[in-house]
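sequence below, structure please.
(one chain, ligands or ions: 2)
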Amino acid sequence: MMRTVKYAILGAGTSGLTAMGVIRKQTDDFVIINGGALGTTCARVGCMPSKAMIQSANLYHKRHMLSEFGLSGAEKLDIDTQKVLERVRRLRDRFTKGVQSGSTDTLTEDQFINGYAKFVGPNTLEVNGEVIQAERVIIATGSRPVVPEPWKALGDKLVTSDEIFELTELPKRIAVVGLGIIGLELGQALSRLGVEVVGFEMLKSVGGLSAPVAIDKAIELFSKDFPIHLGAAAQLENTDKGVLVKLENESFEVDMVLASLGRRPNIDLLQLEKAGVVLNERGMPSFNINTMQIEDKPLFIAGDVNTYRPILHEASHEGKIAVLNAISYPQVKGYERKTPLGIAFTDPDIGFFGVSYRDLDLSSSKVVDFNLERNNGRAIVMAEDYGVICLFGDKETRRLIGGEIVMPHAEHFTHLLAWAVEQDMTLLELIKMPFYHPVLEEAIQSALYKLYIALYSEEERGMEAELTVIK
Ligand SMILES: Cc1cc2nc3c(=O)[nH]c(=O)nc-3n(C[C@H](O)[C@H](O)[C@H](O)COP(=O)(O)OP(=O)(O)OC[C@H]3O[C@@H](n4cnc5c(N)ncnc54)[C@H](O)[C@@H]3O)c2cc1C
Ligand SMILES: NC(=O)c1ccc[n+]([C@@H]2O[C@H](COP(=O)([O-])OP(=O)(O)OC[C@H]3O[C@@H](n4cnc5c(N)ncnc54)[C@H](O)[C@@H]3O)[C@@H](O)[C@H]2O)c1
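Residues are numbered from 1 along each chain as shown. Ligands and ions are numbered 1, 2, ... in the order given. Got it, this is the predicted structure:
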């Protein structure tokens, strides 16, 4: 028996649910198909449990600075990591229930199918043996952690972000292999929760940073939490006692490995070629980042599965673009993308906005950096005067175009700066903004001022230029 629907959404994660929320206001003629657990990657095994773990870890870590403030007794503070992990799961359950109760829980049996969908022909899907003919399909199947095949033999001595929040007890020693955002966030949190952590990253950078000054500062600061080995891919060997992590000339014995090597899109099992789609050598279809449309087909691809910007607010934004175009198909509109914005919830935070250093055209841009050490009154008072702000400006337009920041509370400043880029603000406009005293924003002000000096000639600057005359 074949079912026919107008819309099929593959994946009930952030992107798919965003799309479904729009479709169901218009019609009942849709189906959403989700393989695996419900509740979204973000709430279940991603953003939210990781932030809950980080919160406990950082609170406990603060004990090391209390004596600086005249507070004694911190050495008596203890941590019950089992309770920490219970709280992580309690919050996770709360968030996933919240997601489900407003979405998949409210669907009829016809509208929701639990299973992994694949294409068996153009506009034709198969799930759990059922064939569904769908006029328009939104692919929002997310991504999964990369685990090299041989590493799977390590069994429960190897975890990814999918399993780590399920642990009821933390290991004594853990190797974190891959120090992108996940490895850095979780490696630091585990270390602060009392686990002996050793980190490995095959690049000469961490946390996805590309500005040399920011990379150096990040390595300097994060190495205070745990040893970091850069520049070589780690190899693993199963032993009776645990796992041996091997570099060329060194090896490290640990009880467990956190594989944070990146995520691969859940596209390989979809058999997209059967829908008539041409796949490139990486198995990816060609799609338009402003319409989310695959080729000129009634197929739209949104969220982590397209690998373009694998973060939550972009998954949601792409879900909106995809659904509007799925509805209006064959007419589709191109929608503006947001200014890039990324944050790693480490201590200090890492923030990215606008163009990254690796994509910067150095011949048409100016790059400045501002070091936080002893340079911002409020940061000194808070004993948080560490980090660096790297800003990039366009020589011709004198606009702020991007930056990479490593500093406490950068999650907030990165937003402000991303908004300034989104508004096409020039450095002159930016330095005219009000800045309170004493606040950490004054460090941003200092960095902006440096970029202003770099972009404007001496004749163009001066007190009068920095004020606005009433017309
Ligand atoms: C540890 C971690 C921390 C993170 N922290 C942050 C953060 O702090 N901030 C941030 O912005 N982002 C963060 N992210 C990224 C964020 O979680 C993702 O960008 C976002 O969840 C992607 O949403 P999505 O809808 O694309 O995919 P998902 O939410 O993964 O949804 C995809 C769904 O499709 C299902 N599926 C897969 N294949 C099929 C199929 N064939 N048929 C049907 N269904 C299928 C999957 O099982 C899943 O349920 C984090 C990710 C991780 C792993
Ligand atoms: N705060 C946030 O917004 C947040 C937090 C976590 C995850 N995420 C999202 O999840 C995505 C995936 O994160 P991720 O950290 O897993 O991926 P990633 O691609 O950012 O980092 C993986 C790192 O592993 C390294 N690596 C790969 N193989 C290795 C090996 N054998 N030995 C040593 N190093 C190796 C890579 O060089 C890379 O730096 C991110 O791109 C991000 O979009 C976001």
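
and the one residue in the chain that gets nearest to ligand 1, how far from ligand 2?
Sorted by distance to ligand 1 under Cβ to the nearest ligand atom, the residues of the chain start with Gly13, at 1.8 Å. From N, CA and C alone the C-beta is placed, and that goes for glycine too. Using Cβ to the nearest ligand atom, to the nearest Å, one obtains 13 Å as the distance from Gly13 to ligand 2.

quick one: that residue and Glu318 touch, right?
No - applying Cβ atoms under 8 Å, one finds Gly13 not in contact with Glu318, separated by 11.3 Å.

could you pull out the helices for the stretch 101-250 of the chain?
Counting by DSSP state H, counting those that start in this stretch, the segments of the stretch 101-250 of the chain that form helices are 181-192, 212-222.

buried deepest among the ones you listed, which one?
When you average the neighbours per residue for each of the helices of the stretch 101-250 of the chain (mean count of other Cβ atoms under 10 Å), helix 181-192 leads with a mean of 25.

how far off centre is that helix?
Here the centre of helix 181-192 is set off from its chain's centre by 14 Å, with Cα atoms, centre = their mean, to the nearest Å.

what do you get for stretch 63-76?
So, by Cα atoms, centre = their mean, the centroid of stretch 63-76 is 33 Å from its chain's centroid.

and Asp385, which of the helices of the stretch 101-250 of the chain is closest to it?
Taking Cβ to Cβ as the criterion, Asp385 comes closest to helix 212-222 out of the helices of the stretch 101-250 of the chain, the separation being 11.9 Å.

run through who's touching the closest one.
Residues lying outside helix 212-222 but in contact with it, judged by Cβ atoms under 8 Å, 6 or more residues apart in numbering, are 179, 184, 188, 199, 204-207, 209, 228, 230, 346, 348, 350, 357, 369, 371, 386-388, 390, 404-406.

now do 6 Å
Applying Cβ atoms under 6 Å, 6 or more residues apart in numbering, the external contacts of helix 212-222 come out as 205-207, 209, 369, 388, 390, 404, 406.

among these, which one has the most neighbours?
When the contacts of helix 212-222 are compared by neighbour count (other Cβ atoms under 10 Å), Glu404 ends up highest, at 33 neighbours.

return the residues in contact with that residue.
Residues touching Glu404, when contacts are defined by Cβ under 6 Å, 6+ apart, comprise 209, 211, 214, 352, 357, 390.

among the residues you listed, which one lies nearest to Gly21?
Taking Cβ to Cβ as the measure, Gly21 lies nearest Phe352 of those, at 28.4 Å.

from Ala218, how far off is the closest one?
With distances defined as Cβ to Cβ, to the nearest Å, the gap from Phe352 to Ala218 amounts to 12 Å.

what do you get for Asn114?
According to Cβ to Cβ, Asn114 stands 41 Å off from Ala218.

what sits opposite Phe392 in the beta ladder?
With DSSP bridges as the criterion, the beta-bridge partners of Phe392 are Val367, Gly402.

quick one, what contacts it?
Per Cβ under 6 Å, 6+ apart, neighbours of Phe392: 360, 365, 367, 401-403.

please pick the buried ones from these.
Restricting those to buried positions leaves 360, 365, 367, 401-403, with burial counted as 16 or more other Cβ atoms under 10 Å.

on that earlier part again, distance to ligand 2 for the contacts of Phe392 - can I get that in TSV?
What follows is the contacts of Phe392, written out as TSV (distance: Cβ to the nearest ligand atom, whole Å):
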residue	distance to ligand 2
Leu360	19
Ser365	24
Val367	22
Ile401	21
Gly402	17
Gly403	16
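
out of those, which is nearest to Arg24?
Checking the contacts of Phe392 against Arg24 by Cβ to Cβ gives Gly402 as the nearest, at 37.8 Å.

show me what contacts the closest one?
Counting by Cβ under 6 Å, 6+ apart, Gly402 touches 354-355, 392.

same thing but at 10 Å, please
When contacts are counted by Cβ atoms under 10 Å, 6 or more residues apart in numbering, Gly402 touches 211, 339-340, 352-357, 359-360, 365, 367, 390-394, 417-418, 421.

ok, now Val146?
For Val146, the set of contacting residues under the criterion of Cβ under 10 Å, 6+ apart consists of 160, 178, 259-264.

repeat the analysis, applying 6 Å as the threshold.
261-262, 264.

show me where the stretch 351-471 of the chain has its strands.
For the stretch 351-471 of the chain, strands defined by DSSP state E, counting those that start in this stretch occupy the ranges 365-371, 388-394, 400-407.

so which residues on the stretch 301-450 of the chain come close to ligand 2?
Applying Cβ under 6 Å from any ligand atom, we find that the stretch 301-450 of the chain lies next to ligand 2 at 310-311, 342-345.

dump these into a markdown table; add secondary structure and pLDDT as well.
Conversion of those to a markdown table gives the following (DSSP: H, G, I helix; E, B strand; the rest coil; pLDDT from 0 to 100):
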| residue | secondary structure | pLDDT |
| --- | --- | --- |
| Pro310 | coil | 98 |
| Ile311 | coil | 98 |
| Gly342 | strand | 98 |
| Ile343 | strand | 98 |
| Ala344 | strand | 98 |
| Phe345 | coil | 98 |
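
by neighbours, which of those wins?
That'd be Ala344 among these, by other Cβ under 10 Å, with 24 neighbours.

surely that one meets Gly207?
Yes - under the criterion of Cβ atoms under 6 Å, Ala344 lies in contact with Gly207, with a separation of 5.0 Å.

so who does the residue in the chain that ligand 2 sits nearest to touch?
Among all residues of the chain, Gly180 sits closest to ligand 2, at 1.9 Å; criterion: Cβ to the nearest ligand atom. Residues counted as contacts of Gly180 (Cβ under 6 Å, 6+ apart) are Gly208.
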